[in-house]
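S.K.: Quick one, what's the 3D model for this:
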Amino acid sequence: MIKQWISESGIDSFLEATYLEIPVSARGEERFIYVNPSAYHYLHGNVVIINNPDYPKKNIEWLLKEGIKVIFRNVNEYAKPDPYILRIEFGVMWNGDTLTCPPDLSFSEVLEFIKRNCEVEPVDTGIPMRIFLPKIKGIPKEYLLDSSGNLTILGWSMHQVGINMGNQFIYQDLDLYKTGKILPISP
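M.R.: Below is the predicted model of the structure:
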């Protein structure tokens, strides 16, 4: 069996790795999955996940032209998305802080704001990580859900720390469940 790793490239790759429950690596020989890669000309034979709507279209078009497997997490003009499925993920926990999103940030800037205010538990090789995130209020709705109502990486991560994304999701108040203060509803 081929061991899969996610290339360490930022908070978006850490969140994706936690969602997929696979480890992150900064060493080149272990990487197989790249998340929103800034350099992309060396990715033949690898998988790319695009979970940031700010990712440059020219990069996407090059990846697709070269036949590189690209997975899109949200609605886009290139392919059917493979959206985040809401499940209880203990790899993402609330760190106890509640912050307000600064106004007029782009999607990428909100990810950077989260990165500055989170803690990533150190990872031993082969062990998925844990991320401790603040609840961030005031993130624009279009950054949390795409045009079809699919969770974005921001929506998925904020729902994991207790900001409910709407009644269409069976699991609510995940921060309370994860701390044992309430029991989840059985699907």
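S.K.: Helices of this protein, residue ranges please.
M.R.: In order along the chain, the chain carries the following helices (DSSP state H): 11-20, 57-65, 107-116, 141-144, 153-160, 174-178.
S.K.: Give the buried residues for the shortest one.
M.R.: Buried residues in helix 141-144, counted by 16 or more other Cβ atoms under 10 Å: Tyr143, Leu144. Every residue, glycine included, has its C-beta placed from N, CA and C.
S.K.: In CSV, could you pull the C-alpha coordinates for it?
M.R.: Taking C-alpha atoms only, helix 141-144 is exported to CSV below (Å, rounded to 0.1, in the frame of the first residue of the first chain):
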residue,chain,number,x,y,z
LYS,A,141,-21.5,33.6,4.4
GLU,A,142,-20.1,33.1,0.9
TYR,A,143,-16.8,32.1,2.4
LEU,A,144,-18.5,29.5,4.6
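S.K.: Show me what the mean pLDDT comes to for the longest strand seen in the chain.
M.R.: What stands out as the longest strand in the chain, according to DSSP state E, is strand 92-100. Strand 92-100 shows a mean pLDDT of 93.
S.K.: what distance separates it from the centre of its chain?
M.R.: Strand 92-100 sits 16 Å away from the centroid of its parent chain (Cα atoms, centre = their mean, to the nearest Å).
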